[in-house]
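>>> Sequence unavailable; structure follows:
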């Protein structure tokens, strides 16, 4: 609290720098950067879509968390369209692009890099939810109004209300105060107050009910009768977690705002993980080592360990020799989250925990730094889209195929899922194990969604009792269900029997097609089975089913192909050992890797080394550059294992012949 009034932004904003158009034709980007030629009208240009945070700040750039980020903005851009320092030296104040700006990881380093490169405003046709919120938090303005381009080019001062129109009251105030920290200072000083919720009792879905129960009312009091989409509030989190990529930056922001002696509130509900960069030393190229990046990356884990010890936070540690204890998302499901809880983490795939019937979503460094102190997180109640699954999927089809099918719909490709909750329901889910359900919730963020969620049921109960030894009746107390007459933004019926083995072609998880529709044979160099999405116990069952059959047929991994299988946690590795899978994997010629995020973020074995390499992967993302410079096709564990044996992307039925009768006519 301070006696000095917190300053707001001016009512009008003038952008004196140049406008950078990020275009599909990267030669136009080069012209702007090299010749300082300005392009005139963004709407008439072929603007680049789906610019991921991996392209804005590639993984190795995130080892920095200060102004240095501004030197490296967009260096991960496709076709190496942008080089170090070019944007910063170019005098740009505005950047313009197409659909889905900021898709992918929740890394706040992306908007920070833009801001520290001199960018003051981001204009795009659609802006992804986490990226947009991170931008607001740090004072980077965003807009989807392309009419601003000409006005800014003519030197017009733009009223600040142009950037707050349509925002909820809290987001509007955060923009007016120039960021979340200033807003919270004003909030704690009593200068600004979140609006009181006035929503009357109404039918609600599961996420709305969880938010209503966790809504912050006043100190020591939570819970309101009802919420509706669009309501803005702060809600108290049950679980807060971060990993080594983000913890140091969040700590720096935490101490800048609250002082070096600041303490995390209720550290027993806070967790930290060393899971992202555990095996970075095995794959970092020599030129990056010469930049001192390995030492910088290792320093992130050291900084995190010191912070967690100082604050009394539970740390899931790891070593280069034995890997991580667990990928954070696997551990949160296995060990931590419970039905009905509100879970936040500094990673976009926090949504995986929605498989247990909790409201779980990713946040940025600034949000987490605030939540360490306040325990609450700002929320704009999202709309929910419902997917009702019917029937039975074929035995060569997995949850990954189902999710790739959902992501390939026009609804998702057009960005209609951005910011929404994906609720999965229907009798088709009834016999799915938790691990398969978790693939759906994990990949909800690939639609730009806030999260995915599945109502808890007897499968959820059995899993939690078996994995944690918890009391069944205590678990049931957290069970929340959607009202039968709850409102949804859209509802889709999915016939599982119609879904066939799929792949998402390189560039975006929304590029899903049936494998049978591939026009050309796709030879592969690498098959990767791992990550939080593809390294679960049920995934190990699928790899083993295919590889066991292959070994029985006298086959091994195809010559010239490398198959990597990586466990999502030590518990998953122990499970594979207990089932006899390790011997099967080794006989088939797979290389086994201890738990870590690894190749999925270009930080472990399995990542490509050159642009001509082709990978088929069970991970969740295939944005340009995310897993190395090569091309990545996303597929199910069945397809990954079968393709490793065949040397090309294939449907897995050949290696599941004992089930052929069930497949025919399914």
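On my side now, so go ahead. Bear in mind that the values here come from a model prediction, so they are computed numbers and not experimental data.
>>> can you give me the helices for the stretch 351-500 of the chain?
If DSSP state H, counting those that start in this stretch is used as the criterion, the helices of the stretch 351-500 of the chain fall at 365-374, 399-407, 410-413, 434-442, 458-468, 472-476.
>>> So which bits of the last one are buried?
By neighbour count, with 16 or more other CB atoms under 10 Å as the criterion, the buried positions of helix 472-476 are residue 475. Quick note: C-beta positions are derived from backbone N, CA and C, even for glycine.
>>> Identify all contacting residues around that helix.
With CB atoms under 8 Å, 6 or more residues apart in numbering as the test, helix 472-476 has contacts from 338, 339, 460, 461, 464, 465.
>>> hang on, the first one packs against residue 359?
Put plainly, it is residue 338. No. The pair residue 338 / residue 359 is not scored as a contact, 11.7 Å apart, by CB atoms under 8 Å.
>>> How about the contacts made by residue 106?
Counting by CB under 8 Å, 6+ apart, residue 106 has contacts 53, 130, 131, 134, 346, 347, 348, 350, 362, 363, 364.
>>> hang on, I meant residue 6
177, 182, 185, 186, 189, 191.
>>> from those residues, which would you call buried?
Using 16+ other CB under 10 Å as the threshold, 177, 182, 185, 186 are the buried ones among these.
>>> biggest separation within these, which pair?
Using CB to CB, the two most remote members of those are 177 and 185, lying 8.2 Å apart.
>>> counting residues per helix, which one in this structure is longest?
Longest helix of the chain, by residue count under DSSP state H: helix 293-311.
>>> which residues are in contact with it?
Residues from elsewhere that reach helix 293-311, judged by CB under 8 Å, 6+ apart: 60, 63-64, 242-245, 247-248, 251, 263-264, 267, 270, 272, 274, 277, 280-281, 284, 288, 313-315, 317.
>>> Can you select the buried ones among those residues for me in ChimeraX?
Selection of buried members from the contacts of helix 293-311 for ChimeraX, criterion 16+ other CB under 10 Å:
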select :60,63,64,242,243,244,245,247,248,251,264,267,270,272,274,277,280,284,288,313,315,317
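>>> Restricted to helices, list the contacts of helix 293-311.
247, 248, 251, 280, 281, 288.
>>> And the helices in the stretch 101-250 of the chain?
109-116, 129-138, 147-153, 169-176, 180-188, 206-214, 247-258.
>>> Any idea how far the last one is from the middle of the chain?
The reference is to helix 247-258. In terms of CA atoms, centre = their mean, to the nearest Å, the centre of helix 247-258 is found 22 Å from the chain centre.
>>> neighbouring contacts of that helix?
65, 108-109, 181, 184-185, 242, 262, 264, 272, 299-300, 303-304, 307-308, 346, 365-366, 368-370, 372-373.
>>> Report pLDDT for the closest residue in space to residue 481 that isn't next to it in sequence.
Spatial nearest neighbour of residue 481, chain neighbours left out: residue 455 (5.2 Å); criterion: CB to CB, 6 or more residues apart in numbering. Note for residue 455: predicted pLDDT of 98.
>>> Low-confidence bits of the stretch 151-300 of the chain, can you list those?
Scanning the stretch 151-300 of the chain for pLDDT under 70 picks out no residues.
>>> now with 90?
181, 184-185, 187-190, 193, 195-196, 218-220, 256-258 (pLDDT under 90).
>>> What score does residue 407 have for pLDDT?
pLDDT, residue 407: 97.
>>> Tell me how far it lies from residue 513.
Remark: distance between residue 407 and residue 513 (CB to CB, to the nearest Å) = 11 Å.
>>> of those two, who's got more company?
residue 407 (24 against 16; other CB atoms under 10 Å).
>>> and the more buried one, what is it in contact with?
443, 446, 447, 504, 509, 510, 512.
>>> hang on, isn't the second one packed against residue 533?
When you say that, I think you mean residue 446. No. Counting by CB under 8 Å, residue 533 is not a contact partner of residue 446; they are 9.7 Å apart.
>>> Report the set of residues contacting both of these two.
With CB under 8 Å, 6+ apart as the test, residue 446 and residue 533 both reach residue 620.
>>> could you pull out the helices for the stretch 551-666 of the chain?
Under the criterion DSSP H, counting those that start in this stretch, the stretch 551-666 of the chain contains helices at 570-578, 581-588, 637-646, 660-663.
>>> So which of those helices is nearest residue 330?
helix 570-578 (6.9 Å).
>>> got the contact list for that closest one?
Against helix 570-578 from outside (CB under 8 Å, 6+ apart): 323, 325-326, 330, 334, 535-537, 540, 544, 567, 582, 585, 594-595.
>>> what's the angle between that helix and helix 434-442?
With axes from the mean of the first three to the mean of the last three CA atoms, to 10 degrees applied, the angle from helix 570-578 to helix 434-442 works out at 140 degrees.
>>> can you put the contacts of residue 6 in JSON lines and add distance to residue 25?
JSON lines is the format used below for the contacts of residue 6 (distance: CB to CB, whole Å):
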{"residue": "177", "distance to residue 25": "39"}
{"residue": "182", "distance to residue 25": "39"}
{"residue": "185", "distance to residue 25": "44"}
{"residue": "186", "distance to residue 25": "44"}
{"residue": "189", "distance to residue 25": "50"}
{"residue": "191", "distance to residue 25": "48"}
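>>> Can you tell me which of the residues you listed is closest to residue 88?
Among the contacts of residue 6, residue 182 lies closest to residue 88 (CB to CB), at 24.5 Å.
>>> Can you tell me, leaving aside adjacent residues, what's nearest to that closest one?
Looking at residue 182 with CB to CB, 6+ apart, the closest residue is residue 6, at 5.5 Å.
>>> is it fair to say that neighbour lies in a helix?
No. Residue 6 is assigned coil when assessed by DSSP: H, G, I helix; E, B strand; the rest coil, not a helix.
>>> Give me the buried entries from the contacts of helix 570-578.
Using 16+ other CB under 10 Å, the buried ones in those are 323, 325-326, 330, 334, 535-537, 540, 544, 567, 582, 585, 594-595.
>>> Lowest-confidence entry in those?
Across the set of the buried ones among the contacts of helix 570-578, residue 323 stands lowest in pLDDT, at 92.
>>> ok now do the nearest residue to that residue once chain neighbours are set aside, which residues does it touch?
In this structure, residue 323 finds its nearest non-sequential neighbour in residue 594, 2.7 Å apart by CB to CB, 6+ apart. By CB under 8 Å, 6+ apart, the contact set of residue 594 is 278, 279, 322, 323, 324, 566, 567, 573.
>>> and what of residue 377?
Counting by CB under 8 Å, 6+ apart, residue 377 has contacts 234, 235, 237, 342, 344, 363, 367, 370, 371.
>>> what would the residues you listed look like in CSV with distance to residue 227 and neighbour count?
Formatted as CSV, the contacts of residue 377 follow (distance: CB to CB, whole Å; neighbours: other CB atoms under 10 Å):
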residue, distance to residue 227, neighbour count
234, 12, 22
235, 9, 25
237, 16, 25
342, 13, 24
344, 17, 25
363, 19, 29
367, 19, 24
370, 21, 25
371, 19, 25
